[in-house]
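Trainee: I would like to see how this sequence folds:
(2 chains)
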Protein chains: 2
Amino acid sequence: MTEQSPLSLAQNVPANPVVAIVGATGAVGVELLNCLEGRNFPVAKLKLLASARSAGKEMTFRGQAVVIEELTEASFDGVDIALFSAGSGISKKFAPAAVKAGAVVVDNSSAFRMDAHVPLIVPEVNADAMAAHQGVIANPNCVAAIATVALAPLHAAHAIKRLNMATYQAASGAGAAAMEELRLATQAALNGETYEHKVLPHPYAFNFFSHNADMDEASGYNGEETKVVAETRRIMGVPELPVGITCIRVPILRAHGMAISVEFEDVVSPEEARALLEAAPGVRVVDDRARNYFPMPVDASGQEDVLVGRIRTDLGDPSGRTLAIFVVGDQLLKGAAQNAVQIAEALLPR
Amino acid sequence: MTEQSPLSLAQNVPANPVVAIVGATGAVGVELLNCLEGRNFPVAKLKLLASARSAGKEMTFRGQAVVIEELTEASFDGVDIALFSAGSGISKKFAPAAVKAGAVVVDNSSAFRMDAHVPLIVPEVNADAMAAHQGVIANPNCVAAIATVALAPLHAAHAIKRLNMATYQAASGAGAAAMEELRLATQAALNGETYEHKVLPHPYAFNFFSHNADMDEASGYNGEETKVVAETRRIMGVPELPVGITCIRVPILRAHGMAISVEFEDVVSPEEARALLEAAPGVRVVDDRARNYFPMPVDASGQEDVLVGRIRTDLGDPSGRTLAIFVVGDQLLKGAAQNAVQIAEALLPR
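Mentor: Have a look, this model is predicted:
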């Protein structure tokens, strides 16, 4: 959005805005509807926008049928907030039209996340940065959003010096079709049948694989890892933070996990970290050593809070300056739709 | 075995030994039979030992039925090599009788792994240490065995200074019943039915959880993690090596994965590491950046080699002294039965 004139900047959002969802029929789109309804967002009117293929179909919002319209540049007339979740290409093509029509765009794609004129927001972490928006606010990568909810309250008390992450990522990050492929492939495997994978590049039944995002051959990092590194730095406001990362897709439907080693500038005790996390917004500490009970997808799925546990001194750093934690969050909620709706909530007049 | 007199030490093993398998009906026991047969181990006679419950049943070895006998202290008469895989309690109770009867015990349990008189062996890594055995040789924890096959060739060229590991562990580490529970729980989930888990402490269908080994409440580390740290140090011969670790059980049947950050004393390039690993015994490099193809359980299951890929400079360490790798190995083979049979092979006269 760098080419945009400051004069065309977005205006105030009314107390009861007209909201559009772009990509309403996708896995995240469905959750955007659920979140708007579940969080009692004061929607004056809801417009559902999708490809011509879905136009004319209906979805239900607050018990009422809403007809899906085909997305065009003219779709944003009268729209106050446009929640985009239809991929980078659609965002790049249609977000300028939405802004021009006077809407504030909350974009779930990666299209504008590293644009200096577009704030990248996790409301629990850097809501203040929203004020500088010029019509578009970016919703982060799912791993970055979930991880920073757990990391920011620690960083606020003790500066984080570096991170090392290994992820356990669900099918939902690749969309509804990938979730269905996981179910179909697993059923076939249980039946002793073969299944030709169509959505993901590798067999998914009882299998895990390096994240399917495009690989940068020179560095050996895939696009998911590059996003998590860049976005975590940006959201946390630590531009040079060293972040080691391995992103792995595991056969889970909709919750992402991450084992994170957090190196601080000084020694931090697990007890202090636990207290900081227990007081943090959007976090639920699940750290019951006596019962061996820690964050799991079955407990995180469908939940708004990010679950944090296994809070302990990292044995890999004898200085005691590193803690290890294990974090699980719903990829479709805090990792996508819920965070976007939280951003929209922060746009409402106080 | 510290109480044992040097005079009772194990003798030479004949070229065609009598081999006993203790725990023949378990997940690892079945693979011990397969490995002895598949690797053409020169078995003169095979004795299958198990609990009274299994006695009288038959298993097939080289096309011949072998009747399972009940394990007693008298079972080891005439046995040259006894492969134990029936848990620590059975090993502690019966290994002394086997040694007394003149057998060399290769023990797959954790009973003797940290006993200074018992070598802990991964043949590709520290076969030399076998010579000091006093009748018992320990087979390592599955993660430690698989990881050290990949780490040792790197360490031989450049001293490793510390490790950080996150694991993706299969059901098989908890036995055949856990593998069946994964299948049954997953089928129930696909049917929309509930399933009461009996073997593992948490739901397993489309779920992952912190490893179920007993947790040390003071440190926050579970027994699996403690074993991996201690055994990795012992096998590699680096007693104080700092090892950060998080062990997670994922819904996979029989192959373990591990994302490992390897910090060296000096800068090591991914190219050099790849060359070292390509030349290493027991390793297959699967590191195709162009095709985004890396180690996966579907490729490692049933395979003897440990798969190593995602070989790259770790972004978490700007000094360039840390590499990241992703390793997958068959938990029942290199993580258990195959390694035990390789130890037995190394006992044979040259």
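
Trainee: Kindly state the domain boundaries assigned to chain A.
Mentor: Here the domain parsing of chain A from automatic domain parsing is A:6-139, A:144-170+A:208-331.

Trainee: Minimum distance to chain B, which residue of the stretch 251-350 of chain A gives it?
Mentor: residue A:316 (2.4 Å; Cβ to the nearest Cβ). (C-beta placed from N, C-alpha, C; glycine too.)

Trainee: Tell me how far that residue lies from residue A:161.
Mentor: From residue A:316 across to residue A:161, the span is 14 Å (Cβ to Cβ, to the nearest Å).

Trainee: which of those two has more neighbours?
Mentor: Neighbour totals were compared for residue A:316 and residue A:161, and residue A:316 leads with 22 against 16 (other Cβ atoms under 10 Å in any protein chain shown).

Trainee: I figured that one hits residue B:164, correct?
Mentor: Yes - at 4.7 Å, residue A:316 counts as touching residue B:164 under the criterion of Cβ atoms under 8 Å.

Trainee: joint contacts of these two?
Mentor: A:261, B:243-245 (Cβ atoms under 8 Å, 6 or more residues apart in numbering or on different chains).

Trainee: out of those, which is most surrounded?
Mentor: residue B:245 (29 neighbours).

Trainee: Shouldn't that one be within a strand?
Mentor: Yes - according to DSSP: H, G, I helix; E, B strand; the rest coil, residue B:245 belongs to a strand.

Trainee: Check the gap between it and residue B:334 for me.
Mentor: Residue B:245 is 19 Å from residue B:334, where distance means Cβ to Cβ.

Trainee: And for residue A:183?
Mentor: Residue A:183 sits 31 Å away from residue B:334 when distances are taken as Cβ to Cβ.

Trainee: Then residue A:241?
Mentor: Here residue A:241 is placed at a distance of 36 Å from residue B:334 (Cβ to Cβ).

Trainee: Counting neighbours, go ahead and name the busier of these two.
Mentor: Legend: neighbour count by other Cβ under 10 Å for residue A:241 and residue B:334, higher for residue B:334 (25 against 19).

Trainee: and residue A:109, what is it in contact with?
Mentor: Taking Cβ under 8 Å, 6+ apart, we find residue A:109 in contact with A:84-88, A:90-91.

Trainee: 6 Å instead?
Mentor: When the contact criterion is Cβ atoms under 6 Å, 6 or more residues apart in numbering or on different chains, the partners of residue A:109 are A:87-88, A:91.

Trainee: Check the shared contacts of residue A:316 and residue B:164 and tell me the two furthest apart.
Mentor: Farthest apart among the shared contacts of residue A:316 and residue B:164 by Cβ to Cβ are A:261 and B:243. That separation is 11.6 Å.

Trainee: so which of the shared contacts of residue A:316 and residue B:164 would you say is closest to residue A:31?
Mentor: Distance to residue A:31, by Cβ to Cβ, is smallest for residue A:261 among the shared contacts of residue A:316 and residue B:164, at 30.4 Å.

Trainee: how near is the closest one to residue A:151?
Mentor: Distance, residue A:261 to residue A:151, by Cβ to Cβ: 11 Å.

Trainee: Same check on residue A:286?
Mentor: Remark: distance between residue A:286 and residue A:151 (Cβ to Cβ) = 17 Å.

Trainee: does the residue of the stretch 51-200 of chain A found nearest chain B count as helix, strand or coil?
Mentor: The nearest approach of the stretch 51-200 of chain A to chain B comes at residue A:166, 3.5 Å away (Cβ to the nearest Cβ). Secondary structure, three-state DSSP: residue A:166 is strand.

Trainee: and if you look at residue A:192?
Mentor: Per three-state DSSP, residue A:192 ends up coil.

Trainee: what about residue A:262, which helix or strand?
Mentor: Counting by DSSP states H and E, the element that carries residue A:262 is strand A:255-264.

Trainee: so what's whichever residue of the stretch 101-250 of chain A sits closest to chain B bridging to?
Mentor: Here the stretch 101-250 of chain A gets closest to chain B at one residue, residue A:244, 2.4 Å apart by Cβ to the nearest Cβ. Counting by DSSP bridges, residue A:244 is bridged to residue A:164.

Trainee: Tell me how many other residues crowd the closest residue to residue A:252 other than its chain neighbours.
Mentor: Nearest residue to residue A:252 in three dimensions, chain neighbours excluded: residue A:170, at 4.2 Å (Cβ to Cβ, 6 or more residues apart in numbering or on different chains). Neighbours of residue A:170 under the rule other Cβ under 10 Å: 30.

Trainee: and residue A:170, what does it touch?
Mentor: A:252-256, A:331.

Trainee: Any stretches of chain A with poor pLDDT?
Mentor: The model of chain A has pLDDT under 70 over residues A:1-11.

Trainee: all helices of it, in order?
Mentor: Remark: helices assigned in chain A by DSSP state H are A:27-38, A:88-100, A:123-126, A:142-157, A:176-190, A:223-236, A:270-278, A:297-300, A:338-347.
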